[in-house]
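> I'd like to go over a predicted model; first the sequence, then the structure.
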Amino acid sequence: MSDYDSPWKEALDRYFRAFLALFFPLVHADIDWSRNYELLDKELQGVARDAELGRRYADMLVKVWLKDGSESWVLIHVEIQGRYEADFGKRIYVYNHRIFDKYDREVVSLVVLADDNPNWRPRGFHTNRWGCKVGIEFEPVKLVDYAGRETELEASNNPFAKLVLAHLKTMETRGNEADRHAWKVRLVRNLYECGLSADDVRELFRLIDWMMDLPRALEDLFWEEADNIAKEKHMPFIDIAERKNREKGQREGLREGLLKAILLGFKLKFPGQWGQLYEEVRPTEDLAVLQRIYDAIEGAGTPEELRRLWSR
């Protein structure tokens, strides 16, 4: 269900420069920002369709100019599903090759891994037979490497630093709704205190609220606290009522879509047990948990493998 990836995709569209500054500073330093950059979403969609590799997560193709006056294409691939993929390196290679073949320009593939396994760090894809060598190498950024650096991320005025912290705390607080609520309030307060513009506060508030889903009771409490913070700071950047209604509607729509997809997956995978499984999952409100259930259905050997995702 790609809709759950939308906060990251929207963040990339809005904060591409900040994204590079945080994760790939050498790339950021080589770009001539005075000439701006050009997003090539439609072009990338065409390449993705041509690749025919099944489920894909390529997010952004960007045309930039370098400080030496030359032109370069940058393919940014963000792994926002947070799970191991055996052919990940091959997929990056295929995208890189097809973009090069289509545009005859140098292509740089930048990879961010948002899963919670510190040992999974794919760095390329290669084949070598009879003296013929092809492949690609890349150095991924691993978000779990930022764990324990809360003070640094909170002090930063880079918008992407706030999203990284929200992502890490969302993973860290799985199954601990009280801690997630506390961190969500802390992150919102931090938005007001780190020197960001009013527009950035509004946008980051929306994206963080989207990422850090809470059960209804704690969500209502969070909105009250967010409203109090805004009044305390005399900076009413956030239209609390408007955003509450809009985001609630979006989350409910995503939740319903995930539940429908999970129901279909249960019916196909476990035709004799789908009803009981669905009744167990249906009360779940955490979108991240629902997403993990949906992702795991295809590879699950038994219902018990899936139950561990919502009963832990």
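Happy to help now that I have it. Numbering: from 1, shown residues only.

> contacts and neighbour counts: CA atoms only from here.
Will do.

> Domains in this protein, by residue range?
According to automatic domain parsing, the chain comprises the domains 2-144, 147-238, 254-311.

> For these, give me CSV that also has mean neighbour count and mean pLDDT.
Listed next are the domains of the chain as CSV, based on neighbours: other C-alpha atoms under 10 Å; pLDDT from 0 to 100:
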stretch, mean neighbour count, mean pLDDT
domain 2-144, 16, 81
domain 147-238, 17, 86
domain 254-311, 16, 85
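
> Do you have the strands of the chain handy? List them.
With DSSP state E, the ranges of strands along the chain come out as 37-39, 58-65, 71-79, 107-113, 124-129, 132-137, 141-142.

> any idea how far Ala261 is from Trp8?
Here Ala261 is placed at a distance of 22 Å from Trp8 (C-alpha to C-alpha, to the nearest Å).

> just how off-centre is stretch 192-204 within its chain?
What separates the centre of stretch 192-204 from the centre of its chain is 20 Å, taken as C-alpha atoms, centre = their mean, to the nearest Å.

> ok, the spatially closest residue to Val201 that is not a sequence neighbour - contacts?
Nearest non-adjacent residue to Val201, counting by C-alpha to C-alpha, 6 or more residues apart in numbering: Leu191, 5.8 Å away. For Leu191, the contacting residues are 201, 204-205, by C-alpha atoms under 8 Å, 6 or more residues apart in numbering.

> If we use 10 Å, what do you get?
154, 157, 159, 162, 197-198, 200-202, 204-205 (C-alpha atoms under 10 Å, 6 or more residues apart in numbering).

> same check, this time on Arg35
64-67.

> and of those, the nearest to Asp87?
Closest approach between the contacts of Arg35 and Asp87, by C-alpha to C-alpha: Val64, at 28.3 Å.

> so that closest one makes contact with Tyr37?
Yes: with contact defined as C-alpha atoms under 10 Å, Val64 and Tyr37 form a contacting pair (4.9 Å).

> Spit out the residues that contact those two alike.
Counting by C-alpha under 10 Å, 6+ apart, the residues touching both Val64 and Tyr37 are Ile31.

> What segments of this protein are helices?
With DSSP state H as the criterion, the chain has helices at 6-14, 16-23, 25-30, 41-51, 88-103, 150-155, 159-172, 177-193, 198-211, 216-232, 240-269, 274-281, 287-297, 303-311.

> Show me what the third one is packed up against.
In this case it means helix 25-30. On a contact count with 3 or more C-alpha pairs under 10 Å, 6 or more residues apart in numbering; DSSP states H and E, helix 25-30 meets helix 16-23.

> which other helices and strands contact the helix it packs on?
If you count contacts as 3+ C-alpha pairs under 10 Å, 6+ apart, helix 16-23 packs onto helix 6-14, helix 25-30, strand 37-39, strand 107-113, helix 159-172.

> The longest one: how far from the chain's middle?
If I follow you right, that is helix 159-172. For helix 159-172, the distance to the chain centre is 10 Å (C-alpha atoms, centre = their mean).

> Mind putting the strands of the chain into TSV with distance to Gly148?
Listed next are the strands of the chain as TSV, based on distance: least, C-alpha to C-alpha, whole Å:
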stretch	distance to Gly148
strand 37-39	33
strand 58-65	28
strand 71-79	21
strand 107-113	17
strand 124-129	28
strand 132-137	28
strand 141-142	13
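
> OK, contacts around the residue nearest to Ile229 when sequence neighbours are not counted?
Spatial nearest neighbour of Ile229, chain neighbours left out: Arg189 (6.5 Å); criterion: C-alpha to C-alpha, 6+ apart. By C-alpha under 10 Å, 6+ apart, the contact set of Arg189 is 183, 205, 225-226, 229-230, 233.
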